[in-house]
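Enquirer: What would the 3D arrangement of this be:
(chains A, B, C and D)
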Number of protein chains: 4
Amino acid sequence: MPIDAELIRIGRRFDARGWVLGTSGNFSAVLGRDPLRLAITRSGTHKGELTPADILEYSGGRVVRGEGSASAETALHVEIVAARGAGSVLHTHSIWSTLLSHRYAEDGGLAIHGYEMLKGLSGVTTHEHREWLPILENDQDMTRLAGVLQQVLAEHPSCHGFLLRRHGLYTWGATPAEAARHVEILEFLLESVARSKESASWRS
Amino acid sequence: MPIDAELIRIGRRFDARGWVLGTSGNFSAVLGRDPLRLAITRSGTHKGELTPADILEYSGGRVVRGEGSASAETALHVEIVAARGAGSVLHTHSIWSTLLSHRYAEDGGLAIHGYEMLKGLSGVTTHEHREWLPILENDQDMTRLAGVLQQVLAEHPSCHGFLLRRHGLYTWGATPAEAARHVEILEFLLESVARSKESASWRS
Amino acid sequence: MPIDAELIRIGRRFDARGWVLGTSGNFSAVLGRDPLRLAITRSGTHKGELTPADILEYSGGRVVRGEGSASAETALHVEIVAARGAGSVLHTHSIWSTLLSHRYAEDGGLAIHGYEMLKGLSGVTTHEHREWLPILENDQDMTRLAGVLQQVLAEHPSCHGFLLRRHGLYTWGATPAEAARHVEILEFLLESVARSKESASWRS
Amino acid sequence: MPIDAELIRIGRRFDARGWVLGTSGNFSAVLGRDPLRLAITRSGTHKGELTPADILEYSGGRVVRGEGSASAETALHVEIVAARGAGSVLHTHSIWSTLLSHRYAEDGGLAIHGYEMLKGLSGVTTHEHREWLPILENDQDMTRLAGVLQQVLAEHPSCHGFLLRRHGLYTWGATPAEAARHVEILEFLLESVARSKESASWRS
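Expert: Presented below is the predicted three-dimensional model:
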């Protein structure tokens, strides 16, 4: 499937789950690496209703194909591609990621372990794996935020994603399909962790 | 897309999310301003199953095109269009808006701030924005309620929506698409606020 | 729309909302009254995947058209049609109705009032309406249960539905469309009541 | 419907409910019994997007038709078919099964009784039935886990399914349709049990 069609399809799937309401979320996929050429969703689009015209090509710090501005968070996508060699970066904005990104912000992140679902993350082979999901303070200054992200990714070289406080989840993969799988897995785990916390107060 | 088709499509999307169950909710869009001509959903219709015949034209205090009565809450739509210059007004009726509209009724409204999702509201540029969502007592007397609404909109000139107690959410925008985006954003924020309150009692 | 097609369509809608999982739920519509002829779903079918062959005709105490047995709960449908003059009876089986039917069983029912959504119930004109939803003990003896139901319907002549304990919701209407509207409204109200109870323990 | 088409369709239904996110879940159906020939989903596939190429034939300890590896949990499917004479085995991975499988792991299982929905389980004729759902510790050693499962199935000869801790639900049936019905029923019951526990702390 062409990359445009794949991102459009991912948008429809995520919209059905309520992970990209409003104009939230943004998606990218690497088209070439030297120099970096990135397919990225246009700013201000609804991710459940993307058309090919909403997927821009970004390279050398600017849009080189398509009309409109690239997502305001393009700098984060570029940072992740550089740091991880990712082929695709996906950002979603669910209720549970929003909730937990705030609840555990003071701890700087959230540990997830003991779940079979963790095995769906690339390279993880056992539910005994401990995934640390860093939480970054939200910031409207994307250059500054990209700098913080660079540090966080360096400090946590094996993390599969991170949360922006009250802003949502970023994850990535070698391909859009792998990145989408990581979204589904991490969103599942975040809801599981949250409901598990709720169940701690059950009487029996 | 013609305005009828747009309102029909919005109805299907909102129905899928459970925001317009039964015959709840009503939608309008401005067709002309001088005199005001409003496309508005017929009273008693299911918003997930609208047909073009369910979109009436209302002007000068009465239905001028189509069969049946305009939504019982037409006076509120007219008030919002007058006060805000809106091009479209949408009313939804979700579980979370119903819940919070009652829980915070005594406070006269609900403050939402710190969420990135706020940036999807027209004119908001930072998650540090503080949105005040006024709550009005529900009332079956639409003339009286429209009067109260006029006051509330004047007191809160920058609010993007309001709640009717145990009745749901009203929001608006320059176009049906913008109004629909505001619905998605405010419904997301209301669920986030509610679940965040729940999480305050977690043990850790 | 022919009655078969209408019941099939209602089944798909309710299945999408998770109200008729497994083979739960059953639907009927009156085809004629003297003698009573009832279209009713076949026992053991999945309500989200009904075909015309799954809608039987029942009259004079037996299936007069179609193969298989009528729903085990046919006696309850017949009782409701007789007591209320309903044109259609729908039974759903949601999480929230199951939960509340048990939680308030000791009280013999559940009062719902103050919600705008109540106005979608036939004959209700204000949110100040107080709807009493009787709860009956579940029973595998349908003749006995139909007898209890007869009494309950007589005692609560204006109720729009009832719950069977840990078994789900029954409601009805003049037509399948009206009965389906009542299902949506009552299921919405039940979820609202349950989440409202949860919110009572929020810290602020 | 051919067995491949049936498993594909079940996958789409379960995906819509969020029960097979990422690459979680696996499905099988018996093609022949002497020797055992099993249609089983390929390892690493998304169960909502299965194609015929993702359904392999497994017999005599290896894949005999199709490309790729059979699900890592094939040994569990084989064990269930042998112990129960099942015609189809389905494994799902929902939020609620994950939650309860951990919460009640110390008790070795979970009792469910009093729910009408239980009657959808094969051979159950009353809501007074008490279903014991055993919980097994999760294990990446499938040979060892299959051995534990053999014992558990022998100790609980009438159970209709079991949970793997923080890993999900296994159930089965004479046909894929019956197994799918059991999944819907058990997932409904697990959510009901969990929300019922939550409701125990309501103030009234």
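
Enquirer: residue ranges with poor pLDDT in chain A?
Expert: A:204 (pLDDT under 70).

Enquirer: the strands in it, which residues?
Expert: A:26-33, A:36-41, A:55-59, A:62-65, A:88-92, A:109-113, A:130-136, A:161-164, A:168-173 (DSSP state E).

Enquirer: Tell me which of those strands sits most buried.
Expert: Counting by mean count of other C-beta atoms under 10 Å in any protein chain shown, strand A:88-92 has the highest mean neighbour count of the strands of chain A, with a mean of 29. For the C-beta atoms, the positions are set from N, CA and C on the backbone; glycine is no exception.

Enquirer: Identify the neighbouring strands of that strand in the sheet and state each direction.
Expert: strand A:26-33 (antiparallel), strand A:168-173 (antiparallel) (DSSP bridges).

Enquirer: Surely A:Asp4 and A:Ile40 touch.
Expert: No. Taking contacts as C-beta atoms under 8 Å, A:Asp4 lies outside contact range of A:Ile40: 11.1 Å.

Enquirer: if we can go back for a sec, so for D:Trp172, which of the strands of chain A sits nearest?
Expert: Closest to D:Trp172 of the strands of chain A, according to C-beta to C-beta: strand A:109-113, at 29.9 Å.

Enquirer: Could you give the separation of the closest one from the chain centroid?
Expert: The chain centre lies 16 Å from the centre of strand A:109-113; the measure is C-alpha atoms, centre = their mean, to the nearest Å.

Enquirer: Please apply the same query to stretch A:167-179.
Expert: Worked out by C-alpha atoms, centre = their mean, stretch A:167-179 lies 5 Å from the chain centre.

Enquirer: and if you look at stretch A:115-124?
Expert: Between the centre of stretch A:115-124 and the centre of its host chain there is 16 Å, according to C-alpha atoms, centre = their mean.

Enquirer: try stretch A:197-204
Expert: 30 Å.

Enquirer: next one: stretch A:150-159
Expert: Relative to its chain's centre, stretch A:150-159 lies at 15 Å (C-alpha atoms, centre = their mean).

Enquirer: Pull out the buried residues from that stretch.
Expert: Using 16 or more other C-beta atoms under 10 Å in any protein chain shown as the test for burial, stretch A:150-159 gives A:Val152, A:Leu153, A:His156, A:Cys159.

Enquirer: For that stretch, output the C-alpha coordinates as CSV.
Expert: Taking Å, rounded to 0.1, in the frame of the first residue of the first chain, the C-alpha atoms of stretch A:150-159 are listed here in CSV:
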residue,chain,number,x,y,z
GLN,A,150,16.6,14.4,22.5
GLN,A,151,17.9,14.1,26.1
VAL,A,152,15.1,11.9,27.2
LEU,A,153,15.5,9.5,24.2
ALA,A,154,19.3,9.3,25.0
GLU,A,155,18.6,8.6,28.7
HIS,A,156,16.1,5.8,27.8
PRO,A,157,17.6,4.1,24.8
SER,A,158,15.2,1.2,24.8
CYS,A,159,11.8,3.0,25.4
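
Enquirer: Quick check: A:Trp202 vs chain B, distance?
Expert: Distance from A:Trp202 to chain B, counting by C-beta to the nearest C-beta, to the nearest Å: 11 Å.

Enquirer: what's the answer for A:Gly11, then?
Expert: 14 Å.

Enquirer: list the contacts for the residue positioned nearest the centre of chain A?
Expert: Nearest to the mean C-alpha position of chain A, by C-alpha atoms, centre = their mean, lies A:Tyr170 at 2.0 Å. Neighbouring residues of A:Tyr170 by C-beta atoms under 8 Å, 6 or more residues apart in numbering or on different chains: A:Leu76, A:Ile80, A:Val89, A:Leu90, A:His91, A:Gly161, A:Phe162, A:Leu163, A:Leu164.

Enquirer: Not counting its neighbours along the chain, what's nearest it?
Expert: Closest residue to A:Tyr170 apart from its sequence neighbours, by C-beta to C-beta, 6 or more residues apart in numbering or on different chains: A:His91 at 5.0 Å.

Enquirer: list residues touching both of A:Asp4 and A:Ile40?
Expert: A:Ile55.

Enquirer: So what pairs up with the spatially closest residue to A:Leu31 that is not a sequence neighbour in the strands?
Expert: Computed as C-beta to C-beta, 6+ apart, the closest residue to A:Leu31 that is not its neighbour in sequence is A:Arg37, at 4.2 Å. Under the criterion DSSP bridges, A:Arg37 forms beta bridges with A:Gly32, A:Ser59.

Enquirer: Relative to the whole chain's centre, how far out is the longest helix along chain A?
Expert: For chain A, the helix with the greatest residue count under DSSP state H is helix A:176-199. A distance of 12 Å separates the centroid of the chain from that of helix A:176-199, by C-alpha atoms, centre = their mean.

Enquirer: right, and out of the contacts of A:Tyr170, which lies closest to chain C?
Expert: Taking C-beta to the nearest C-beta as the measure, chain C lies nearest A:Leu163 of the contacts of A:Tyr170, at 23.8 Å.

Enquirer: number of nearby residues for the closest residue to that closest one other than its chain neighbours?
Expert: Nearest residue to A:Leu163 in three dimensions, chain neighbours excluded: A:Ser101, at 3.8 Å (C-beta to C-beta, 6+ apart). As a burial measure, A:Ser101 scores 26 neighbours (other C-beta atoms under 10 Å in any protein chain shown).

Enquirer: got the contact list for A:Ser101?
Expert: A:Ile135, A:Leu163, A:Leu164, A:Arg165, A:Arg166, A:His167, A:Gly168, A:Leu169.

Enquirer: and what of A:Leu90?
Expert: Contacts of A:Leu90 (C-beta under 8 Å, 6+ apart): A:Ile10, A:Gly25, A:Phe27, A:Ser28, A:Tyr170, A:Thr171, A:Trp172, A:Pro176, A:Ala179, A:Ala180, A:His182, A:Val183.

Enquirer: try A:Thr92
Expert: A:Phe14, A:Trp19, A:Val20, A:Ser24, A:Gly25, A:Gly168, A:Leu169, A:Val183, A:Glu187.

Enquirer: Compare those residues and tell me which is most surrounded.
Expert: Neighbour count (other C-beta under 10 Å) singles out A:Val20 as the most crowded of those, with 31 neighbours.

Enquirer: can you list the residues of chain A near chain B?
Expert: Chain A has residues A:18, A:21-24, A:46, A:93, A:95, A:98-99, A:102-103, A:138, A:140, A:164, A:166-168, A:194, A:197-198, A:200-201 near chain B, with proximity defined as C-beta under 8 Å from any C-beta of the partner chain.

Enquirer: Fine by me, we can end here.
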